[in-house]
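Enquirer: okay, predicted coordinates and the sequence, questions at the end:
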Amino acid sequence: MDIASAISLNEVIATVFYAFLGLVLMIVSYIIIDALTPFSLHEELSGKANTAVAIVMGSVMISLAILIANVINS
């Protein structure tokens with residue numbers, strides 16, 4: 001069996017859709033977290049190179065990615 005016959009168009013479209021959905025949800029969650037913090041995340045991460053904020057935001061984004069992936073898979 002070759003690869004072209006094993007992959008259906010519906011699966012490819014669903015994968016692309018869920019990838020964009022996950023990306024949009026991650027961006028929206030970043031915007032919400034940025035609005036809830038008393039400081040600018042963008043300024044802390046890029047301007048001041050605050051390592052502590054980068055570690056916390058990285059862990060938040062990884063945990064959100066796991067949650068979004070589990071919701072999409074269920």
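Expert: Looks like it came in fine.
Enquirer: what helices or strands is the strand or helix carrying Thr15 leaning on?
Expert: Following DSSP states H and E, one finds Thr15 within helix 9-36. Judged by 3 or more C-beta pairs under 8 Å, 6 or more residues apart in numbering; DSSP states H and E, helix 9-36 is in contact with helix 41-42, helix 51-73. Yep, even glycine has a C-beta here, placed from its N, CA and C like the rest.
Enquirer: mean confidence (pLDDT) on it, please.
Expert: The average pLDDT within helix 9-36 is 88.
Enquirer: please tell me how far Thr15 sits from Ile62.
Expert: From Thr15 across to Ile62, the span is 21 Å (C-beta to C-beta, to the nearest Å).
Enquirer: one step back: most packed of the helices and strands packed on helix 9-36?
Expert: helix 41-42 (a mean of 14; mean count of other C-beta atoms under 10 Å).
Enquirer: quick one: closest of the helices and strands packed on helix 9-36 to Ala6.
Expert: For Ala6, the closest of the helices and strands packed on helix 9-36 is helix 51-73, at 20.4 Å, according to C-beta to C-beta.
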